[in-house]
Structures are given as C-alpha cells and as structure tokens.
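1. Here is the input, now give the coordinates:
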Amino acid sequence: MPLCSSMTIKVPTDVECTINKRVVTVKGKKGTLVRDFSHAPLDITHANDTISVAVWFPRGKRNALPRTICSHIENMFKGVTYGFEYKMRLAYAHFPIAATVVDNNKAIEIRNFMHQIKTRRIECLPGVTIAMSTNVKDELILRGISIEDVSHTAARIHESLKVPNKDLRKFLDGCYVSSRGLQEQ
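-> So this is what the prediction gives:
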C-alpha cells in the first residue's frame, strides 16, 4: 500500500490559476470559476505551471480522489477557455410542445405538454444561458462555463417534463439531451 497517491496536471498558457486553502480559482477569456475542495482530505499545490494533488494514506475510495479532483480542475480549464454547450430536443407524439425563452435567456416556459393547461417555468442556474436553435426545429441550446451548472440545468428541464403515472416505454414525450460538448468557436 503506497503512502501517498498523487497526480499532477499542467495549467494551460492562456489560463490563470490560483489556489488558496483548497479553494481553486481559474480565470480565462470566458470568465472566472471558483471551486472549493475543502471537504476532501487532500493537499493541492501550485508550482510554476503545474498543479499537484496528493492524498496521504489512501484506502478504498480515497485512492481515486486525486484523479477526480484533477478532472474537476481540467473541466474548469476547458470551461473558462471554450465553454460548454448542451443541445436538447423536444420530443412529442401528438400534441406539439411549445417552448419560449424568457427573462433575457435565463428561463424557459413550456406549454401544451401532453395537452396540459399548466405552464412549466424552469429557471437556469447562474452563468447558464438558454436559446432556441434557429436551424433545427424544437431544439434548445444551453451554454455556460461551468459544466456542473449547464448539466444541472439540462437535468432540471428533463425532470420537469416527465410523464406522470404512465409507462415511460410507451409515452416518450419530453425533452432529452441530444448532444453535449465544448462550444463551437
């Protein structure tokens, strides 16, 4: 059993990174992301243009902790450099779902889901914008620099359009993620 499990990653040249008491701040051309890793029992050090994450006396799940934290930091690098984009499609069998983007691309209102009168309003998390696609019918585009916030907003939209008390294999109406990745430049 090793005494220390560690991993190092390189900081890209166009990204500025600071670490203060396990709080990682990343600045890039798209914005700034701050993430607190104080809940994890590990050491994070920043020297030159590398970040080192180490866990002392790892056992079980703690052995995977350095790779997990490094992946989170790499996602922060990608977010402030390129940004993340999720595309969602509205799927319906008979009654067309009407979606409207409101509040300066910060919320979406969905009407006529399964021919219901109720209007569903889903707010985006801070830093996430939503837009309707211009060239593809019934497609939503979510953009932001934090992958957690973008994916959480997509999950909230998906969960708000679940069909209650029906067989989900038959009633496939809803909003589903069709593609995800980095924003196109």
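2. Check which helix or strand H158 maps to.
-> helix 147-160 (DSSP states H and E).
3. burial of the closest residue in space to A99 that isn't next to it in sequence, as a residue count?
-> Distance criterion C-beta to C-beta, 6 or more residues apart in numbering; nearest residue to A99, sequence neighbours excluded, is I110 at 5.2 Å. For glycine as for every other residue, the C-beta is placed from the backbone atoms N, C-alpha and C. Number of residues near I110 (other C-beta atoms under 10 Å) recorded here: 21.
4. pretty sure K87 is touching R180, no?
-> Yes: the pair K87 / R180 is scored as a contact, 7.2 Å apart, by C-beta atoms under 8 Å.
5. So in this protein, which helix runs the longest?
-> Secondary structure of the chain read by DSSP state H shows that its longest helix is helix 65-81.
6. about what we covered before: show me what the helix holding H158 is packed against.
-> Where contact means 3 or more C-beta pairs under 8 Å, 6 or more residues apart in numbering; DSSP states H and E, helix 147-160 is packed against helix 65-81, strand 84-91, strand 120-123, strand 139-144, strand 174-182.
7. Give me the residues contacting it.
-> 75, 78-79, 84-86, 88, 108, 110, 120, 122, 124-128, 130, 140, 142-144, 174-177, 180 (C-beta atoms under 8 Å, 6 or more residues apart in numbering).
8. one more time with 6 Å
-> Under the contact criterion C-beta atoms under 6 Å, 6 or more residues apart in numbering, helix 147-160 has outside partners 75, 84, 86, 120, 122, 124-125, 127-128, 142, 144, 175, 177.
9. out of the residues you listed, which are buried?
-> Listed as buried from the contacts of helix 147-160 are N75, F84, Y86, I122, C124, L125, V128, L142, G144, C175, V177; burial here means 16 or more other C-beta atoms under 10 Å.
10. any idea of the pLDDT on the third one?
-> If I follow you right, that is Y86. Model confidence at Y86, given as pLDDT, is 98.
11. Dig out what it forms beta bridges with.
-> Beta bridges link Y86 to L142, R180, judged by DSSP bridges.
12. Format the helices and strands packed on helix 147-160 as TSV; extra columns: distance to D14.
-> What follows is these, written out as TSV (distance: least, C-beta to C-beta, whole Å):
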stretch	distance to D14
helix 65-81	6
strand 84-91	17
strand 120-123	32
strand 139-144	19
strand 174-182	15
